[in-house]
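Chemist: any chance you can model this:
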Amino acid sequence: MAGLHIVATPIGHARDISLRALETLAACDLILAEDTRVTSKLLSIHGIQKSLSPYNDHNAAQARPAILDKLRQGGRIVLVSDAGTPLVSDPGFKLVQAVLAEGLPVHAVPGPSAALTALALAGLPTDRFLFVGFLSSKAGERARALEELKSVRASLIFFESGPRLAESLAAMAAVLGPRDAAVARELTKLHEEVRRGLLSELAAHYEKVATPKGEITLVIGPPAEVEPDTAAIDAALKAALPFMPVKSAAEMIAGLTGASRKSVYDRALELKDE
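Modeler: Numbers count the residues shown, from 1 in each chain. Next up is the predicted model:
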């Protein structure tokens, strides 16, 4: 099938590749790889021989015009990253954007993802999550980013390197507070490890041990639910309702207290009826 194919590849174990991914790799005209050496090993394991071309942050701008030209001619081109799903903290977004802008087809072959694998293993809420990727290595920028994420009511997923792990965990503990978290590394590989605990405990652990190797994914649980102060909400509503419409009073007080708008609105109607 002509077009650009976004193909997910194993994050560790070479057998974690779909039959459809293998068929797509075998049938394409060209494979764009973040690192051709890494992709060559994967292809060799599965007995596939194909033309490989590097596509990464260093050459993407120069490579895109030729890639688009091949696609205009009906080419079948596969984009892979070193591991996992392309475009997730990997180059590729601008290429997909350019292909779509030309009205050319883009196909996705789903598969492994370190973010989702770590989330499944973390033992933390999975109903709502936010993938953040890598934080800045600069302390000030990292702290500002964490402050923005502090109130997000979802599990947070980060990528991190071994040398920065302890420092990042300490910064997260300082800004986000006492939250449950998990550090997952070498996922699906022989030395897979998932360590769970409070952020502060994990920071203390990795401060003492040798720098961990391999790809690292952090999952941090959402902030603890705070029970609203019903007495304070009632007092505020009683003071506001004589002068404001029910909806406006409820919205204002919900914003001030952090309680849900619906619960405050329902309580306002009860008080109004009384």
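Chemist: what residues of the host helix or strand of Leu116 count as buried?
Modeler: Assigned by DSSP states H and E, Leu116 belongs to helix 114-122. With burial defined by 16 or more other Cβ atoms under 10 Å, the residues of helix 114-122 counted as buried are Ala114, Ala115, Leu116, Thr117, Ala118, Leu119, Leu121, Ala122. Where C-beta positions appear, they are placed from N, C-alpha and C, glycine not excepted.
Chemist: same for that helix, what does it pack against?
Modeler: strand 155-160, strand 180-185, strand 193-198, strand 216-220 (3 or more Cβ pairs under 8 Å, 6 or more residues apart in numbering; DSSP states H and E).
Chemist: residues making contact with that helix?
Modeler: Residues from elsewhere that reach helix 114-122 (Cβ atoms under 8 Å, 6 or more residues apart in numbering): 11, 83-84, 88, 126, 129, 131, 155, 157, 159, 181-182, 184, 187-188, 194, 196, 215, 217-219.
Chemist: if we use 6 Å, what do you get?
Modeler: Ile11, Gly84, Thr126, Phe129, Phe131, Ile157, Ala182, Ala184, Leu187, Val194, Thr217, Val219 (Cβ atoms under 6 Å, 6 or more residues apart in numbering).
Chemist: could you give the angle of it to strand 216-220?
Modeler: Between helix 114-122 and strand 216-220, the angle comes out at 60 degrees (axes from the mean of the first three to the mean of the last three Cα atoms, to 10 degrees).
Chemist: quick check: what element follows helix 114-122 along the chain?
Modeler: Going down the chain from helix 114-122, the next helix or strand is strand 129-134, by DSSP H and E.
Chemist: what's in contact with the helix or strand just after that following strand?
Modeler: Where DSSP H and E defines the elements, the next helix or strand beyond strand 129-134 is helix 139-149. Applying Cβ under 6 Å, 6+ apart, the contact partners of helix 139-149 are Leu135, Ser136, Ala171, Val175.
Chemist: what residues sit buried inside stretch 163-183?
Modeler: Neighbour counts over stretch 163-183 (16+ other Cβ under 10 Å) mark 164-173, 175-176, 179-183 as buried.
Chemist: tell me which of those fall in strands.
Modeler: Judged by DSSP state E, those include Asp180, Ala181, Ala182, Val183 as members of strands.
Chemist: I'd say the second one and Tyr206 touch.
Modeler: No - at 11.4 Å, Ala181 and Tyr206 do not qualify as touching, with contact defined as Cβ atoms under 6 Å.
Chemist: re the thing from before, need the contacts of helix 114-122 in JSON lines with pLDDT, can you?
Modeler: Shown next, in JSON lines, are these (pLDDT from 0 to 100):
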{"residue": "Ile11", "pLDDT": "96"}
{"residue": "Gly84", "pLDDT": "96"}
{"residue": "Thr126", "pLDDT": "97"}
{"residue": "Phe129", "pLDDT": "98"}
{"residue": "Phe131", "pLDDT": "98"}
{"residue": "Ile157", "pLDDT": "98"}
{"residue": "Ala182", "pLDDT": "98"}
{"residue": "Ala184", "pLDDT": "98"}
{"residue": "Leu187", "pLDDT": "97"}
{"residue": "Val194", "pLDDT": "97"}
{"residue": "Thr217", "pLDDT": "98"}
{"residue": "Val219", "pLDDT": "98"}
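Chemist: tell me the buried residues within those.
Modeler: Among the contacts of helix 114-122, those buried by neighbour count (16+ other Cβ under 10 Å) are Ile11, Gly84, Phe129, Phe131, Ile157, Ala182, Ala184, Leu187, Val194, Thr217, Val219.
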